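[1] Following is a predicted model, sequence given first.
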Amino acid sequence: MPEDILSSILSSAIENIGKLLIEEVKFLRGVREQVTLLRDDLKWIQMFLRYADKKQAARDTIQQWLPEFRAVAYEASDLVEDYALRVSISSNRGFTRALKRTACIARECYTIHALGLEIQSLRTRISNRTKIFGRFVNLIARTEEGESSAPSRQKQLRHTYSFVAEEDVVGLRNDVEKLVEHLLKEGESTGRKIRVASIVGMGGIGKTTLARKVYHHEKLKQCIKGFAWICVSQQWQTKDLLQGILLKLTPENRKQIMKSEQDELAKLLREHLGARRCLIVLDDIWSTDVWDSLKDAILVSEHGTKILLTTRIRDVAEHVGPNGYRHELRFLTEDQSWELLRKKIRESSGEGCEDLDKMKELGKEMLNNCGGLPLAVVVLGGILRTRTFKEWNEVHENIKSYLDKGEKIGKEGEVPKVLAYSYYDLPWQLKPCFLYLGKFREDSDIGAESLYQMWIGEGMIFENDRREKETIMDVAERYLEELANRCMVEIKKHEEGKCAVTRLKSCRFHDLMRDLCLAKAKEENLYKLVDRSTSRDSPPAIEAQYSLVLHLLPRDISKYNFPPKEQTKHLRSFLCDSLVAKWEYSNPGVRIMSQVKNLKMLRVLAILSFHMASQSCYLKSPLGYVGNLIHLRCLRLRGQNINLPYSLGNLKYLETLDLSGSSRSCRIPNVLWKLEHLRYLYLPDWRWWDAHPKLRLSKQLEILESFDNKICYPKDVCKLSNLRALKAIVRKNLEDLKHIINPISNLDCIRISSLRIVDFDFGSNRGLDVLSRVLFSRNIHELEIGNSLCKKLPDYQSHMFPDLAGLTQLKLFGTDIEEDPMATLEELPNLRILKLGHNSFLGQEMICHSMGFPKLKCLELHGLGNLKQWKVEEGAMPELSSLRIRECKVLEMIPDGLRCLTTLEEVSLVEMPELFNNRVRIESGCQQGEDYDKISHVPSVKIHRYSFSPFTFFSSNFSLVNIQFTVLGIPFFLASSSNLNFDKLHQHHSIFSFVFLMTIEFFLIFFSSSEETGS
């Protein structure tokens, strides 16, 4: 509802002003009292919104003023923050500035006076609008008193109930039987005889109805002696739940149950469950805490307790029954939807009339708007129930009004917002976060990390929601997880074993949900999205705009004209993402930035895929205006020639600076240390760039990427006590490496650290000691060592390190190790990926011992020119799934131990000698190579004679005539040389490529004829 979005905006404004009153108190002298009164006025509007959420009369009263109240909230926050920031900047400009400021006291007094007048003007506007609240004042006061100790609105008690009468159920018979069968199945002797079944699905899909059918099933009644059904919902107390269960199981003990304390209730329940088999239904669970508070009271007994729960949240189901049966409800089919609708309208005067066929046809048309959601069908049935068939046509024409005023969504307009019921069930904090997702490209994967930072920058994540030891980004992640658990977005987690600062990697959502986002965002005037589908002839917006998003081709961006200044003076965010390839920077950023400079109130600025060089003067960067955008919280720039100004230091509230992916001549002034709120810093890749002045870092950093000891001061790392993610490259200097390793190893909050170490000499005892700290640190997770002399690796002595080594990924190249590195590396308990590259090992023999590499998944040996023998003992690498051997020219054979690796799924041999390859082949389908049986169990074996032309063999039937041949991006599947598609090749590639493939064709003909002759 619009009130929910306004409530979020008001909460953000109130929280921001509250912070300013605390943090900027010295800059608000003289106006503090007026600012406090302004904040109280906003709180008063918020109180009325909460009251209006429950009272239709109040809701009707406030509707017309919602845009005005939103404008007031934004203006109030902007006004106070803008004043405090400008005074702060003015006061921090040195002694000369201070003298000038002393001489201008009168002007400062005038500024305070002007601010006071603007605040008074705002308060007058609020007062004029809130006069309409007068008749509700006493009611609001009483409501607030009654709720002073109650949880916030989104946590209020909400009991679920079945919207569908028992006889009005369709399509659930098989679902019921599956659940009953699972509950009655005898469990294995796992030590926990608790059988759990979960019903998961969105609100209104029929979870409670299905659970009730199972609860009353005759088979269960015959086998189970006790039944208890309790509705949990969002507000619950452990004692109340225990009492509810016991009252159902032993109603005769009511007096004792009601008098007992929580511990005694738990004991009573354990005794009861230990004596008989019971079924407990936990309906509408929203939190894993519910089960955690009950599980100790639910006894593990020989009788076997049965738990059936319903939830909208998958994580809850998995937490309660990780090995249980999870049943996810499906939407109704067209016929099932009609059957349910027919049951709901059987009292309609149309039932049984001669127009029954027409009624069915019209009813099915309307059901298309319900999307198979049982709740939507029931609501539609309620609308049609008392109407004659003649009135059905009217309902059909006005279905928008009857289904949540449900304007249709979807590209073809055939699906209404009733499918977005979950949106209306969201807590008010999550609604703007969900609608924000519509800003991103259709069908794109939205990076979770950057999404959180933009949410935070726009004030959508609230400090009050932080739990103990949580960062504000953790809160943002919980918001996204909640949206995913409600099936509103799809999430992608990091691959197993991958260390990361966030649990989620990215998210995306269905086209229809995006259409809903855009429709609601337009209705709420949250942002304006301009893309290729936007009509150029559409009338310009007349309302104030608070966010602008451009998804256009470069030529269209260069022609785009910003809305008038009056409409954009309170613009909070601007996202410009041109429709070009990720690494294509063909868009001049000069014109965009010339318009952005006027957006003084921006909190979030993201300009992606641009080059920022001035066409008139290289030294005059279009980004020179960035320092004037003093309200910025999140600045994301990706492109070329990014030359940031010294005025970047004015961005006192900047939290995110993201320059990742930028290339060529990026320059950053040494002012980052001034940015007191900077938490997330993504520097560009410095490897190919010229000298750059060294940078000092902000002490508040939580994420630091592309740190380079050539560009940044390594000693600054020890000051980053809140660091959660570090990606760094360190060159040559052992002292620099120590300055990074020592503090990182002692941080408890670090979640991911990735180091690239180049051009070192670890040959000395001092160097070996530093290397051991790197390899065996608990907090180094990904490591690459290149072009660094290291004759031997240090021994892993676990007793020397109190915590297990955290390394999960290791790449070595150019290290010239002489002793077998496997003796050390196989002891790393968390290592999952190991790549030994060119000249990383100079020895002739490697051994992987039994029990070594307990978690290794991927192993690559590349360019080990001296390696002759590689032995794998039985029991080594028990989880290996991928093996790649490349350019090991003198390696004699595949290790015998590979035959024991049952987890191995893929073996790739690249540019290996022909004799080596022949040992693993089947020639002409019958003659096996000597080593064939060592990898015959591997599903996929690939032999690449050259890096540009892979030959792929599958399963145990691989031979030279079963080839996937790839050159220059075109795959050809060959049974013989005659299948080569030269027409396709000639259409897509140059004459050179064509001649090149003719040469390859010659070799294939030769190989084919060799097979036929048996040579």
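    Yep, it's here. Values in this document were obtained by computation on a predicted structure and should not be read as measured data.

[2] distance of the nearest residue to residue 118 once chain neighbours are set aside from residue 853?
    Closest residue to residue 118 apart from its sequence neighbours, by CB to CB, 6 or more residues apart in numbering: residue 79 at 5.8 Å. Where C-beta positions appear, they are placed from N, C-alpha and C, glycine not excepted. To residue 853, residue 79 is 62 Å away according to CB to CB, to the nearest Å.

[3] Tell me which of the two has more neighbours.
    Neighbours were counted for residue 79 and for residue 853 using other CB atoms under 10 Å; residue 853 has more, 24 against 19.

[4] What residues sit buried inside the helix or strand harbouring residue 338?
    Residue 338 is part of helix 334-344 when elements are defined by DSSP states H and E. Buried residues in helix 334-344, defined by neighbour count with 16 or more other CB atoms under 10 Å: 336-344.

[5] Likewise for stretch 309-317?
    Those would be 309-314, 316-317, for stretch 309-317 by 16+ other CB under 10 Å.

[6] Throw those into CSV and include pLDDT, distance to residue 640 and secondary structure, thanks.
    Output for these, formatted as CSV (pLDDT from 0 to 100; distance: CB to CB, whole Å; DSSP: H, G, I helix; E, B strand; the rest coil):
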residue, pLDDT, distance to residue 640, secondary structure
309, 91, 55, strand
310, 90, 54, strand
311, 90, 49, strand
312, 83, 46, coil
313, 86, 45, coil
314, 87, 43, helix
316, 87, 48, helix
317, 87, 49, helix
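
[7] Take those and lay them out in TSV including distance to residue 736.
    Conversion of the buried residues of stretch 309-317 to TSV gives the following (distance: CB to CB, whole Å):
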residue	distance to residue 736
309	55
310	57
311	51
312	51
313	47
314	46
316	48
317	49
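
[8] show me the contacts for the residue nearest to residue 118.
    For residue 79, the contacting residues are 115, 118-119, 122, by CB atoms under 8 Å, 6 or more residues apart in numbering.

[9] can you do 10 Å?
    17, 35, 38, 115, 118-119, 121-122, 601 (CB atoms under 10 Å, 6 or more residues apart in numbering).

[10] What of residue 494?
    Counted by CB under 10 Å, 6+ apart, residue 494 has contacts 448, 500-506, 752.

[11] quick one: low-confidence ranges for the stretch 401-550 of the chain?
    401-422, 424-425, 443, 485-487, 510-512, 532-544 (pLDDT under 70).

[12] circling back to that earlier point, can you tell me which one of the buried residues of helix 334-344 sits lowest on pLDDT?
    The lowest pLDDT within these belongs to residue 344, with 71.

[13] Buried ones in stretch 517-529, by neighbour count?
    Those would be 517-521, 524-529, for stretch 517-529 by 16+ other CB under 10 Å.

[14] one step back: let me know the closest of the buried residues of stretch 309-317 to residue 462.
    residue 313 (20.7 Å; CB to CB).

[15] Can you tell me how far the closest one is from residue 372?
    On the measure of CB to CB, residue 313 and residue 372 end up 21 Å apart.

[16] what does residue 246 give?
    39 Å.

[17] Those two - which one has more neighbours?
    More crowded of residue 246 and residue 372, by other CB under 10 Å: residue 246, with 23 against 18.

[18] Wait, the more buried one touches residue 259, no?
    No. Assessed by CB atoms under 10 Å, residue 246 is found out of contact with residue 259, at 11.9 Å.

[19] quick one: secondary structure of the closest residue to residue 776 other than its chain neighbours?
    Leaving aside its chain neighbours, residue 776 sits nearest to residue 805 (4.4 Å; criterion: CB to CB, 6+ apart). Secondary structure, DSSP: H, G, I helix; E, B strand; the rest coil: residue 805 is coil.

[20] next one: the one 10 residues further on
    Secondary structure state of residue 815, per three-state DSSP, is coil.

[21] Which residues are in contact with it?
    Contacts of residue 815 by CB under 10 Å, 6+ apart are 757, 760, 762, 785-791, 793, 821, 836-842.

[22] before we move on, what about residue 318?
    Counting by CB under 10 Å, 6+ apart, residue 318 makes contact with 198, 200, 288, 324, 326.

[23] number of nearby residues for residue 913?
    So residue 913, with other CB under 10 Å, has 15 neighbours.

[24] what about the closest residue to it other than its chain neighbours, distance to residue 745?
    Setting aside the residues directly before and after it, residue 913 is nearest to residue 889 in space (CB to CB, 6+ apart), at 6.1 Å. According to CB to CB, residue 889 and residue 745 sit 39 Å apart.

[25] When the two are compared, which one has more neighbours?
    More crowded of residue 889 and residue 745, by other CB under 10 Å: residue 745, with 19 against 13.
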